[in-house]
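Engineer: Build the 3D model from these lines:
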Amino acid sequence: MRNRSGQLSRRCACVLIVAAVALVPVAGDDGGAIPEAMIVFAHEIESSLSACETALFESSVDFEALLVRGTADLAIPDEIRAGLVGSVARGFVLGEEICKAVQRSGSYDLLKVRRVEGEPRALFRIVSDSGFNYHDLLLSSTDEGGVAIVDLFVLSLGEWVSQTARRGFLPLVARLEAGSPDRMDPGESLFLENIANILSMQQRYRQGDFEEALEVFDSLPEELKKHRNILMTRFAIALEIGGEAHDAAMLDLENNFPGDPGLDLMLVDHYFNEGRFDRALEIVDRIDRWVGGDPYLDFMRANVLYANGKPAEARAAARRAIERDPGMEDPYWTLVSISLDEADFVETARLLSEIEGELGVAIGDLSTIPEYSRFVESEAYGTWIATRPPR
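Structural biologist: Residues are numbered from 1 along each chain as shown. Below you'll find the model as predicted:
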């Protein structure tokens with residue numbers, strides 16, 4: 001979809017790019033002050049990754065602590081554990097992925113620093129041309145007075161990175177004499193028993209053999225088919241196949257993990273595309289409750305309401321997003337769209353002036369964009385052009 005500004009909008013259904021949150025709460029969800037060093041650190045992470053500088057982020061991850069969190073109950077020899085720490089560090093590419101998103105006109109914004117169950121966390125929102133996600137960084141003070149990241153919760157995955165790493169190391173641990181199966185939960189043991197088929201399914205997916213990958217999924221034990229990670233892989237496969245396979249995969253995810261905020265990130269897109277706007281709004285509300293408030297989600301509400309033919313409610317949601325974050329650009333474009341639809345060209349001109357003047361956004365030649373044709377022919381357009389500052 002083409003942006004009203006004359007540029008291509010970065011849209012995944014109703015998902016668009018927003019600017020940074022202006023005010024970052026620092027009080028804990030469960031009370032308790034956050035050390036000033038952690039607040040400063042969180043802002044430094046935001047600014048460095050927004051500039052596509054990954055060194056601070058990557059050097060601040062305590063991979064040893066992360067691995068201990070994921071495998072503390074497994075009796076792994078020290079020499080093996082040291083090798084695993086190095087393996088996790090070498091395979092950690094999250095900083096690079098954030099950088100790629102930022103380079104594609106995305107954003108990485110700090111929302112809040114707070115305590116959850118007594119632990120200090122910094123919550124970030126990442127938005128790219130493929131959608132949005134949230135990263136919750138678990139922080140810890142170092143002996144040297146600095147701050148380290150000891151784990152990361154990725155909302156779309158629905159788990160901590162330490163849990164993802166644990167699952168990847170289970171085959172190795174199972175081969176160690178110290179890694180006896182009785183130290184694993186039943187789900188992990190079942191995972192290991194079927195690891196060959198799981199790896200085959202993943203490989204076929206990567207190779208583009210989607211129908212064969214789905215056949216491997218169908219051959220797995222019924223209990224394993226309810227595992228979140230397996231269902232997510234099945235959904236990725238079904239997304240490529242489409243049709244009934246996609247609908248069945250989505251339904252199984254919803255039925256097995258109702259209200260899961262990570263799955264909601266996908267479901268809001270799904271229901272928006274299906275035109276089930278009331279359902280999409282319910283899911284946005286669920287995500288908002290998990291996040292604890294985010295102006296971006298008001299912007300999403302505005303887009304859903306606008307697509308649902310409710311311009312007054314969409315306008316209110318877009319204005320609420322701007323009020324909560326005056327630097328957010330995209331709600332302005334939702335308001336521009338509404339004004340164009342309503343032929344309120346004086347309002348269109350006012351909004352365009354604010355976008356250029358307040359946000360510093362350069363607006364291209366609107367006469368080349370069909371959506372602006374009536375505006376370009378209006379008196380308000382001529383006045384706007386005549387009063388624009390030199391560019």
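
Engineer: Run through the neighbouring helices and strands of the helix or strand hosting L67.
Structural biologist: Here L67 sits within helix 63-71, counting by DSSP states H and E. Contacts defined by 3 or more Cβ pairs under 8 Å, 6 or more residues apart in numbering; DSSP states H and E place helix 63-71 against helix 78-91, strand 147-154, helix 161-175. Placement of C-beta: from N, CA and C, glycine included.

Engineer: okay if I get these as a markdown table plus mean neighbour count, distance to R350 and mean pLDDT?
Structural biologist: Output for those, formatted as a markdown table (neighbours: other Cβ atoms under 10 Å; distance: least, Cβ to Cβ, whole Å; pLDDT from 0 to 100):
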| stretch | mean neighbour count | distance to R350 | mean pLDDT |
| --- | --- | --- | --- |
| helix 78-91 | 14 | 51 | 78 |
| strand 147-154 | 21 | 41 | 96 |
| helix 161-175 | 18 | 46 | 78 |
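
Engineer: In terms of helix, strand or coil, where does the residue nearest in space to the middle of the chain fall?
Structural biologist: Centroid-nearest residue in the chain: N133, 0.7 Å away (criterion: Cα atoms, centre = their mean). Here N133 is strand, with the state taken from DSSP: H, G, I helix; E, B strand; the rest coil.

Engineer: Surely it touches L152?
Structural biologist: No. The criterion here is Cβ atoms under 8 Å, and N133 misses it with L152 at 11.4 Å.

Engineer: Run through who's touching the helix or strand containing A249.
Structural biologist: Here A249 is covered by helix 243-256, with elements defined by DSSP H and E. Contact partners of helix 243-256, identified using Cβ atoms under 8 Å, 6 or more residues apart in numbering, comprise 214, 225-226, 228, 231-232, 234-235, 237-239, 260, 263, 266-267, 270.

Engineer: picking that back up, how far does the helix holding L67 sit from the chain's center?
Structural biologist: Mean-position distance between helix 63-71 and its chain equals 24 Å (Cα atoms, centre = their mean, to the nearest Å).

Engineer: Am I right that C52 sits in a helix?
Structural biologist: No. Counting by three-state DSSP, one finds C52 to be coil, located in no helix.

Engineer: Report the contact partners of it.
Structural biologist: Counting by Cβ under 8 Å, 6+ apart, C52 has contacts 99, 102-103.

Engineer: Spell out which residues make up each domain of the chain.
Structural biologist: 14-193, 204-257, 294-387 (automatic domain parsing).

Engineer: would you list the ones you listed in TSV and tack on distance to I287?
Structural biologist: As requested, those are exported to TSV (distance: least, Cβ to Cβ, whole Å):
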stretch	distance to I287
domain 14-193	8
domain 204-257	14
domain 294-387	6
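
Engineer: mean pLDDT for those domains: which is lowest?
Structural biologist: Note on these: lowest mean pLDDT is at domain 14-193, with a mean of 81.

Engineer: Of all the helices and strands packed on helix 63-71, which one is nearest R114?
Structural biologist: strand 147-154 (13.4 Å; Cβ to Cβ).

Engineer: what does that closest one contact?
Structural biologist: With Cβ under 8 Å, 6+ apart, strand 147-154 has contacts from 37-38, 41, 57, 60-62, 65-66, 69, 94, 133-142, 159-162, 164, 262.
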